[in-house]
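> Here is a sequence together with a model predicted from it:
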Amino acid sequence: MPRSLKKGPFVDEHLMEKVRKARETQSRKIIKTWSRRSTIIPEFVGLTFAVHNG
């Protein structure tokens, strides 16, 4: 079931912090996360994520 439009996308705060650091340092390192519930937002474009699936 999709998330309500009035609520907006959900992104874990710790994941956003990792993205901010990667953007500031221009790091090409893979970002590891266990946050499967987070929505992909435009700030994530160009970064590589390793999402835990198990």
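Sure, I can see it.

> and the end-to-end length of stretch 41-49?
Counting by Cα to Cα, to the nearest Å, you get 13 Å between the two ends of stretch 41-49.

> buried stuff in stretch 13-28?
If you call a residue buried by 16 or more other Cβ atoms under 10 Å, then stretch 13-28 has these buried ones: 15, 18-19, 22. The C-beta positions use only the backbone N, C-alpha and C, and glycine is treated the same way.

> which one of the residues you listed sits closest to Lys29?
Lys29 has its nearest neighbour among the buried residues of stretch 13-28 in Ala22, at 6.9 Å by Cβ to Cβ.

> Let's see the pLDDT reported for that closest one.
At Ala22, the predicted lDDT confidence score is 95.

> wait, what's in contact with it?
29, 31, 47 (Cβ atoms under 8 Å, 6 or more residues apart in numbering).

> following the helix or strand it falls within, which helix or strand shows up next?
Using DSSP states H and E, Ala22 sits in helix 13-25. Sequence-wise, the next helix or strand beyond helix 13-25 is strand 31-33, with elements assigned using DSSP H and E.

> other SSEs contacting the next helix or strand after that next one?
Using DSSP H and E, the helix or strand that follows strand 31-33 in sequence is strand 49-51. With contacts taken as 3 or more Cβ pairs under 8 Å, 6 or more residues apart in numbering; DSSP states H and E, strand 49-51 sits against strand 31-33.

> Give the buried residues for the strand it packs on.
Buried, per 16+ other Cβ under 10 Å, within strand 31-33: 31, 33.

> pLDDT on it, on average?
Averaging pLDDT along strand 31-33 yields 96.

> For that strand, which strands pair with it and how are they oriented?
Looking at strand 31-33 with DSSP bridges, its partner strands are strand 49-51 (parallel).
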